[in-house]
Structures are given as C-alpha cells and as structure tokens.
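> The sequence isn't on hand, but the structure is:
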C-alpha cells in the first residue's frame, strides 16, 4: 500500500447474505465494523482472499455501496458477468472472509438543500443512488430529489419496487423508472419508456421551478456504463446545464 493510501480503512469482513435483485444481478451483504462509517454515494474495494479460482481481471473489485449509512450491513450489487471474481462471489459459502478497503469517492449529495438533486442512473449505476435516496428518507433531508432510472426491461431493474415505495416515506422524492426494450419483456409496464432525454426531464422536472424549465440551478448526478454517462453529460450540457453542476461516476465492465 502506498503512503497516500495508508489512512484508508482496511478491514476483514464476512459475507452475511446474498440475493438476486434482478435478472443476472445480485446483491451481497457483508458484516460492518461498529466504528466504520461512510457517506451515501461512496464506494469500496473488495478483495477476495484465497479464492478457489482467479483470472486476468484479478481478485479486487470496486463496488459502490448500495446500503445506506444507517443500515447494519455493507451491501454491494453487481451484474453477474462470467468472470472468476463474480463466480466466486456467487458460490462462496456464507461467512467467507473478504478484505474491504475504503470508503472512497465524492459522488455524495450536496449540502445546499435549496438546489434540487437530479439523479440519472443506467442499470446497475443505481447502487450509489439507492444509498443516497434511503439516507435522505431516513434523515428527513429537505432536498428535492428526482431519480431517473433507465433499464432495458423491468426484469433487469435492481431495487425497482423498493425505490418506488420510498416515495411514500419522502414527499420531497420522486422516482422515474424508464424501460428501453419492452419488446423483450414478459412483464407489464405502465411507466415511462425510451431513453432519458430532454423531453422526459422537462416533463418530470417542470414542477421544480416553473420559471426555469431546464432546472439549471439543480445539481445533476449521473452513474452507469461509460457510454451512458458520456451521452447524459452531452445531453445535459446541450440542454443548458452548467458543467460545474454535473457529477458523474462510470461503471465499467459491469
């Protein structure tokens, strides 16, 4: 470990549980040390210790923390690609020990509650936003939050029902899931369809500030695959959002 990393917490933790949260998508919950803390939106590095198999991608992965700071375990979630690391995570016995390092990152909710938070997630990029949204509801934060979440189908959407349910707890929060490939779905869907774009944003954000349809006073957060993040940034800038008000995190290789 380098000198710059020496102050980062590093600890051992055991796998407490795992569950499927969407097709080919799993959540993993690890024990949380009593004195360890993080900010909603941050991430950790998880290292497999003595795994039964490995490959060129190695035994370390960075994961956004999907659990909120008030929750008892450290939850991460990921698409289950066919790599050695993912196979081991999916099959290793409960109570298997891993190494966790962190937290890292600054994709956290801004302090000025007068500025709305507009969250744009693609697929598994929803994980840091689950943490932020649950924290806001739990702490009764005054921030106005609108979460847009793009997936191919409802079957692919992690935390879909839970994120919708939080609207009942937090009157300052709205959840806008959208599906881009409903022709491939076996589920019924009455919500939005198509990609997140200016028309969809205008439709759902117009109530934030009637005199400012583009909501340029808001802070925009974007998380998802690199292509989605780049497209959303370009779209937002073209729409009139100041680049200083855009914060992003790419989920590569998921």
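Everything's here; your move. Since we're looking at a predicted model, the values are computed, not measured.
> just the strands in the stretch 1-150 of the chain please.
10-22, 25-30, 43-48, 60-64, 74-79, 97-104, 117-122, 145-151 (DSSP state E, counting those that start in this stretch).
> Would you mind giving those strands as a markdown table with mean neighbour count, mean pLDDT and distance to residue 192 added?
(C-beta placed from N, C-alpha, C; glycine too.) A markdown table is the format used below for those (neighbours: other Cβ atoms under 10 Å; pLDDT from 0 to 100; distance: least, Cβ to Cβ, whole Å):
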| stretch | mean neighbour count | mean pLDDT | distance to residue 192 |
| --- | --- | --- | --- |
| strand 10-22 | 15 | 97 | 18 |
| strand 25-30 | 21 | 97 | 20 |
| strand 43-48 | 20 | 96 | 28 |
| strand 60-64 | 19 | 93 | 24 |
| strand 74-79 | 23 | 96 | 22 |
| strand 97-104 | 18 | 96 | 32 |
| strand 117-122 | 26 | 97 | 13 |
| strand 145-151 | 23 | 97 | 9 |
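> Ok, which of these comes nearest residue 240?
Residue 240 sits nearest to strand 117-122 of all those, at 13.1 Å, using Cβ to Cβ.
> for that closest one, packing partners?
In this structure, strand 117-122 makes packing contacts with helix 127-138, strand 145-151, strand 219-224, helix 226-239, judged by 3 or more Cβ pairs under 8 Å, 6 or more residues apart in numbering; DSSP states H and E.
> contact partners of stretch 155-166?
Under the contact criterion Cβ atoms under 8 Å, 6 or more residues apart in numbering, stretch 155-166 has outside partners 21-25, 27, 66, 77, 123-124, 126-127, 130, 133-134, 137, 147, 149, 151, 154, 173, 175, 177, 179, 185-187.
> Could you list the low-pLDDT ranges of this structure?
Along the chain, segments meeting pLDDT under 70 span 1-6, 209-216, 253-254.
> The same query, at a cut-off of 80, please.
Applying pLDDT under 80 to the chain flags residues 1-8, 207-216, 252-254.
> roughly how far apart are the residue nearest the centre of it and residue 9?
When Cα atoms, centre = their mean is applied to the chain, the residue found nearest the centroid is residue 127 (2.2 Å). Separation of residue 127 from residue 9 (Cβ to Cβ, to the nearest Å): 20 Å.
> try residue 159
Shown here: residue 159 relative to residue 9, a distance of 26 Å by Cβ to Cβ.
> now swap in residue 115 and tell me
31 Å.
> got it, and residue 62?
The gap separating residue 62 from residue 9 is 15 Å, by Cβ to Cβ.
> now residue 97
Distance from residue 97 to residue 9, by Cβ to Cβ: 16 Å.
> One more: residue 44?
Distance, residue 44 to residue 9, by Cβ to Cβ: 9 Å.
> For residue 60, give me its contacts.
Counting by Cβ under 8 Å, 6+ apart, residue 60 has contacts 45, 46, 47, 48.
> go again using 10 Å as the cut-off
When contacts are counted by Cβ atoms under 10 Å, 6 or more residues apart in numbering, residue 60 touches 45, 46, 47, 48, 85, 99, 101.
> Look up the residues forming beta bridges with the fourth one.
The bridge-partner assignment for residue 48, based on DSSP bridges, gives residue 98.
> correct me, but it touches residue 89?
Yes - counting by Cβ atoms under 10 Å, residue 48 does reach residue 89; the two are 7.5 Å apart.
> Give me the common contacts of the two.
By Cβ under 10 Å, 6+ apart, the residues touching both residue 48 and residue 89 are 61, 96, 98.
> quick one: the first one and residue 99, what's the gap?
Translated: residue 61. In terms of Cβ to Cβ, residue 61 sits 11 Å off from residue 99.
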